[in-house]
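J.: quick one, fold the following:
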Amino acid sequence: MKKLRNVIICVLISIIIQSGLLYYMNAYMFKNITKVTYRIIKTEEKKKVLSISIPQDADKIQVSSTGKYVSYISNNALHVVQMSNGVDKKVQIDCDLSDVYAKWRVSEDVLVVIEKVDSGIKVYKCDPLTGEKQQALDFNNKGRTYDLTRSSSNVVQLQSNDLNTIMYIKEQTGSGASYIDRLDISEGITKMPLGITKVGDYYVFKAEDKVVLEDLADNKIMMATSDNSQTIEIPGVNNPKLLYVDGQGNLYVANVVNDKIVEIYTASLNNRANNSSSGQDSNFKASWNKITLKEPADPKYVYISDLGDIYAVDHLKGKAINIKNNKSVSFNNMYVTMYGDSEKGGIISRDVDNNKLIETPIK
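T.: The predicted model follows:
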């Protein structure tokens, strides 16, 4: 019994000594060694230049809002193709292609297809992954045929308010007259009270049911709703060119001299404090900011993103220059179009000799 007690005492003493030694080493000897510091490094994958094959006769090339898909017309057919892998889908069309208008939505990778049938139109949404289209449904979940306000006209342009089911369609008659009508998927098509027979470019104000457009006959810019219209005045600008309305409700209008843009004027359409009146054909007065271009630019080579990035494209040198920060992006071959913004955008160009479509990221 006495031997057992001595063994236990020895074991306890050993444990105490070892514990004390370990404590001393941890507290003093290894104090600076065991302290570990680390940091998390975030890496952002850089987008690569992509290239896909397209037919030599590809026409009316359009790119989706994200740049993931492209649509084009070839051999009397509408196609959608993935930029990542070149998978090409043919969209089934139920009428003559001359009676079809297609455009990508601004907020998502969906191709809107409008087909003319007799004196009306049908509206479809096309899934670019499959190439399949589905007719747009009203509030009763039914597909409808919408009667055009001018039965002999064709749809030549489409702009939509992506917060709802409202679209503004531009129609052109055989005589060359052009109009804008308002299409509500659930309620039908109604005439816009504009009194204009020669509409140029136009854009939808995304936060409200409102449209800004060019009156080519009187060389002016107008803003309209379903019940009134106003002229937008820019002091000192005699030859205005409508460029864009971005996602924040900012309007971009160019001052054109000798067919080239020399200045770009911007103003917010959200601020109506400076609007002197709201009656029919009244003037909309805003506080304008002016951006002077270093070099005059052709309107078709100026791109404005939904975030307000402004790019002047030098198609001869293969450069797109952000005029706000003077940063440039180089690209190869023939310029086609741009998409997105300075964070997630790109340039689409075309190698005509090798039948290639090329996507170059901005960032």
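J.: okay, now the unreliable bits of this structure?
T.: Regions of the chain meeting the criterion pLDDT under 70 cover residues 1-46, 162-164, 271-282.
J.: which parts of it are helices?
T.: If DSSP state H is used as the criterion, the helices of the chain fall at 2-24.
J.: extract the CA atoms of stretch 174-186 and return them as CSV.
T.: What follows is stretch 174-186, C-alpha atoms only, in CSV (Å, rounded to 0.1, in the frame of the first residue of the first chain):
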residue,chain,number,x,y,z
GLY,A,174,-45.1,52.4,-96.9
SER,A,175,-45.0,56.1,-97.5
GLY,A,176,-42.1,56.6,-95.0
ALA,A,177,-44.1,58.1,-92.1
SER,A,178,-43.1,56.8,-88.7
TYR,A,179,-45.0,56.8,-85.4
ILE,A,180,-44.7,55.5,-81.8
ASP,A,181,-47.5,53.5,-80.2
ARG,A,182,-47.7,52.2,-76.6
LEU,A,183,-48.2,48.5,-76.2
ASP,A,184,-49.4,47.0,-72.9
ILE,A,185,-49.3,43.2,-73.0
SER,A,186,-52.5,43.0,-71.0
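J.: can you list contacts of it?
T.: By Cβ atoms under 8 Å, 6 or more residues apart in numbering, the list of residues contacting stretch 174-186 from outside reads 123, 136-139, 144, 146, 148-150, 152-153, 156, 165-172, 189-192, 194, 196-199, 202, 211, 213, 224, 226. For every residue, glycine as well, the C-beta is placed using N, CA and C.
J.: kindly report the same for stretch 285-292.
T.: For stretch 285-292, the surrounding residues in contact (Cβ under 8 Å, 6+ apart) are 232-235, 251, 262-269, 271, 274-276, 310, 323-324.
J.: with stretch 187-197 instead?
T.: By Cβ under 8 Å, 6+ apart, the residues outside stretch 187-197 that reach it are 144, 146-149, 168-169, 177-184, 211, 213, 215, 217, 222, 224, 226-229, 280.
J.: tell me, how many residues neighbour the residue nearest to Asn219 when sequence neighbours are not counted?
T.: With Cβ to Cβ, 6 or more residues apart in numbering as the criterion, Asn219 has its nearest non-adjacent residue at 6.6 Å, and that residue is Asn239. Neighbour count for Asn239, taken as other Cβ atoms under 10 Å: 11.
J.: from Trp104, how far out is Asn239?
T.: 30 Å (Cβ to Cβ, to the nearest Å).
J.: same deal with Ser330?
T.: Computed with Cβ to Cβ, the distance linking Ser330 and Trp104 is 25 Å.
J.: more neighbours: the two, which one.
T.: Under the criterion of other Cβ under 10 Å, the comparison of Ser330 against Trp104 puts Trp104 first, with 23 against 11.
J.: wouldn't that one be in contact with Gln62 here?
T.: Yes - the pair formed by Trp104 and Gln62 meets the contact definition of Cβ atoms under 8 Å, at 5.8 Å.
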